[in-house]
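Visitor: The sequence isn't on hand, but the structure is:
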């Protein structure tokens with residue numbers, strides 16, 4: 001589908017364009033959404049530049065994404081789409097800036113693109129020429145990347161609270177009372193165990209961390225492409241820009257660099273939170289193993305006593321006495337309680 005945006009008065013007007021039709025007068029922006037081969041060839045003849053194919057747009061080499069052909073600057077960058085959904089995606093977006101107009105080639109439908117187009121149609125002097133359209137689209141991409149990073153940061157904060165708030169004792173979350181800070185109170189507080197996060201919740205946290213990390217990596221991929229594109233545009237398109245447009249591009253470049261640094265920080269935070277969650281899971285598993293170890297140690301002495309009196313020796317005086325059976329039971333109970341008391345005293349239980 002091809003949509004032509006042309007200047008009518010002080011606003012833009014959208015008009016569908018069929019393959020082979022003449023370019024409407026005053027067109028400054030052509031948007032191509034999932035173009036078929038016939039549409040790509042028709043627009044290539046109109047603008048005098050061979051538009052990239054979907055395979056060309058997926059190339060990762062800088063020379064395949066950023067180049068000049070027949071006086072037109074061809075710039076391709078990955079952009080984020082469906083960032084707030086369960087299945088975010090990164091798709092290539094190509095800008096072809098010719099001396100007469102801007103051509104965008106895309107195979108995704110990000111919401112920010114439609115919002116920019118609607119704003120350009122509604123507001124007067126929002127887009128005055130092809131360079132304004134290019135800068136406006138780049139600003140929309142950067143704004144969307146910033147929104148997605150803010151969403152990831154909020155999700156990471158929530159996941160962090162779910163992990164650490166459940167694993168910290170109540171005494172560490174409330175200010176201490178100086179009047180009640182007695183040795184006895186400290187001893188009792190020291191024995192109180194922190195709440196442990198449940199296994200199902202930790203599994204959800206790990207899934208959430210994985211989703212946050214995947215989305216952060218997608219945003220970083222988009223920002224890396226934007227960083228190269230803005231540098232290329234400053235060199236190739238910069239001489240054709242007005243003073244205000246150069247200032248916008250410079251601000252855009254600084255915003256991209258700031259978001260790149262922020263995305264790197266969030267990637268580190270995601271890794272830290274994943275390590276912390278796995279550490280909590282490891283502590284839980286250690287506690288479970290400790291319980292089994294204590295139980296085995298507690299039942300070892302009674303098992304030893306039962307084994308002794310289960311021997312088939314002929315001369316065992318206790319077996320012929322009336323108090324032999326109660327004595328064996330008492331010895332087994334005492335031998336089981338003594339290790340439990342010792343472990344409790346040491347704070348292992």
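Guide: Arrived safely, thanks for sending. Because the structure is a prediction, the values reported are computed rather than measured.
Visitor: Point out the other helices and strands that the lengthiest helix in the chain packs with.
Guide: Identified as the longest helix of the chain according to DSSP state H is helix 243-309. Contacting helix 243-309 under the criterion 3 or more C-beta pairs under 8 Å, 6 or more residues apart in numbering; DSSP states H and E are the following elements: helix 130-167, helix 199-236, helix 324-346. Heads up, the C-betas are built off the backbone N, CA and C, glycines and all.
Visitor: Nearest to residue 260 among those would be which one?
Guide: Smallest distance to residue 260 across these (C-beta to C-beta): 5.0 Å, for helix 199-236.
Visitor: on contacts alone, who are the packing partners of the closest one?
Guide: For helix 199-236, the packing partners by 3+ C-beta pairs under 8 Å, 6+ apart come out as helix 62-65, strand 66-69, strand 72-81, strand 89-97, helix 130-167, helix 243-309.
Visitor: what's near enough to touch the closest residue to residue 319 other than its chain neighbours?
Guide: In space, and not counting its chain neighbours, residue 319 is closest to residue 309: 7.3 Å by C-beta to C-beta, 6 or more residues apart in numbering. Taking C-beta atoms under 8 Å, 6 or more residues apart in numbering, we find residue 309 in contact with 316, 318, 319, 324, 328.
Visitor: and residue 309, how far is that from residue 46?
Guide: As judged by C-beta to C-beta, to the nearest Å, residue 309 and residue 46 stand 101 Å apart.
Visitor: How about residue 261?
Guide: On the measure of C-beta to C-beta, residue 261 and residue 46 end up 41 Å apart.
Visitor: Next: residue 110.
Guide: Distance, residue 110 to residue 46, using C-beta to C-beta: 25 Å.
Visitor: Ok, residue 15 next?
Guide: The gap separating residue 15 from residue 46 is 14 Å, by C-beta to C-beta.
Visitor: in the protein, which residue is closest to the centre?
Guide: Nearest to the geometric centre of the chain sits residue 212, at 2.1 Å (C-alpha atoms, centre = their mean).
Visitor: Can you name the residues that contact that one?
Guide: So residue 212 contacts 152, 155, 156, 159, 266, 270 (C-beta under 8 Å, 6+ apart).
Visitor: try residue 213
Guide: Contacts for residue 213 (C-beta under 8 Å, 6+ apart) come out as 267, 270, 271, 274.
Visitor: Not counting its neighbours along the chain, what's nearest the third one?
Guide: In this structure, residue 271 finds its nearest non-sequential neighbour in residue 213, 7.7 Å apart by C-beta to C-beta, 6+ apart.
Visitor: With the last one instead?
Guide: Nearest residue to residue 274 in three dimensions, chain neighbours excluded: residue 209, at 5.0 Å (C-beta to C-beta, 6+ apart).
Visitor: Surely that neighbour and residue 159 touch.
Guide: Yes. When contacts are counted by C-beta atoms under 8 Å, residue 209 is listed as touching residue 159 (6.0 Å).
Visitor: Please enumerate the shared neighbours of the two.
Guide: Residues touching both residue 209 and residue 159 (C-beta under 8 Å, 6+ apart) are residue 273.
Visitor: neighbour-wise, which of residue 15 and residue 46 wins?
Guide: residue 46 (20 against 14; other C-beta atoms under 10 Å).
Visitor: residues in contact with that one?
Guide: With C-beta under 8 Å, 6+ apart, residue 46 has these contacts: 23, 30.
Visitor: Quick one: distance of the helix or strand harbouring it to the chain centre.
Guide: Using DSSP states H and E, residue 46 sits within helix 37-47. Centroid displacement of helix 37-47 relative to its chain, using C-alpha atoms, centre = their mean, to the nearest Å, is 38 Å.
Visitor: Now do that helix against strand 89-97, angle only.
Guide: With axes from the mean of the first three to the mean of the last three C-alpha atoms, to 10 degrees applied, the angle from helix 37-47 to strand 89-97 works out at 30 degrees.
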